[in-house]
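Asker: Starting from these lines, generate the structure:
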Amino acid sequence: MGDTLIVVVVIGLVAVLMFVFPLMTMSDRTDDISQLAVETATTEFVDDARTSGKLTLDKYSKYVENISSTGNAYDVEMEIRVLDENPGKKTTQVNSKKIGENVYYSMYTSQILDYLRDNNNKGVLPLKEGDIIIVNAKNDGTTLSQQLKNFLYSVTGNDTYTIAAEHAGIVTANGSGTGN
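Answerer: Alright, predicted model coming up:
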């Protein structure tokens with residue numbers, strides 16, 4: 001009876017070692033690859049908007065398609081801090097480019113997408129030099145790796161994410177607002 005119990009325990013341990021840990025390792029690697037892909041796509045998207053001076057609906061759609069190709073769903077948050085051209089400075093301050101005196105107002109994801117989807121704007125949001133664009137993407141579902149870790153370790157919670165990327169930068173070109 002004692003030998004049978006030991007054999008069952010050993011078979012269970014061998015099964016865990018042969019199947020669960022390699023599965024965890026492979027799912028972790030998949031998350032690593034997804035992380036790299038999302039970071040790269042986010043950086044390219046922001047840098048393209050910064051250097052071209054415009055954010056287009058086509059490029060946003062391609063960006064979302066690229067990050068979704070990892071097999072995960074993502075929550076994409078955007079913010080554009082628009083440099084106010086008329087911040088109401090005193091007449092003695094003639095240079096509005098001085099550090100510390102610039103005034104920004106923000107546009108957020110829903111406002112940006114509404115602007116891009118408006119037929120009058122032709123899917124283009126022109127940016128100007130000095131504006132700041134910030135994009136943050138994080139997975140909003142649980143990956144296989146997270147599920148396995150939750151099962152084995154109870155380490156992660158429901159509000160955690162493993163795949164996320166954020167990139168921001170200052171716009172270096174004035175967008176014309178036409179074309180894609």
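Asker: give me the beta-bridge partners of the residue nearest to the spatial centre of the chain?
Answerer: Centroid-nearest residue in the chain: A137, 1.8 Å away (criterion: C-alpha atoms, centre = their mean). Beta bridges link A137 to V76, A165, judged by DSSP bridges.
Asker: What segments of the protein are helices?
Answerer: Assigned helices in the chain, in chain order: 2-15, 21-52, 57-68, 109-117, 144-152 (criterion: DSSP state H).
Asker: Please render those helices as CSV that adds mean neighbour count and distance to T172 to the earlier fields.
Answerer: The way it works is simple: take the backbone N, C-alpha and C, and place the C-beta from them, glycine included. Below are the helices of the chain laid out as CSV (neighbours: other C-beta atoms under 10 Å; distance: least, C-beta to C-beta, whole Å):
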stretch, mean neighbour count, distance to T172
helix 2-15, 9, 57
helix 21-52, 17, 6
helix 57-68, 16, 17
helix 109-117, 14, 19
helix 144-152, 16, 38
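Asker: so the helix or strand of the chain with the lowest mean pLDDT versus helix 21-52, what angle?
Answerer: The helix or strand with the lowest mean pLDDT-type score in the chain, counting by mean pLDDT, DSSP states H and E, is helix 144-152 (a mean of 77). When axes from the mean of the first three to the mean of the last three C-alpha atoms, to 10 degrees is applied, the directions of helix 144-152 and helix 21-52 differ by 140 degrees.
Asker: Dump the C-alpha coordinates for helix 144-152 into PDB.
Answerer: Extracted C-alpha coordinates of helix 144-152, given in PDB (Å, rounded to 0.1, in the frame of the first residue of the first chain):
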ATOM      1  CA  LEU A 144      -2.200  31.900 -20.500                       C
ATOM      2  CA  SER A 145       0.900  32.800 -18.400                       C
ATOM      3  CA  GLN A 146      -1.200  34.800 -16.000                       C
ATOM      4  CA  GLN A 147      -3.800  32.100 -15.700                       C
ATOM      5  CA  LEU A 148      -1.200  29.500 -14.900                       C
ATOM      6  CA  LYS A 149       0.500  31.700 -12.300                       C
ATOM      7  CA  ASN A 150      -2.900  32.500 -10.700                       C
ATOM      8  CA  PHE A 151      -3.600  28.700 -10.500                       C
ATOM      9  CA  LEU A 152      -0.200  27.700  -9.100                       C
END
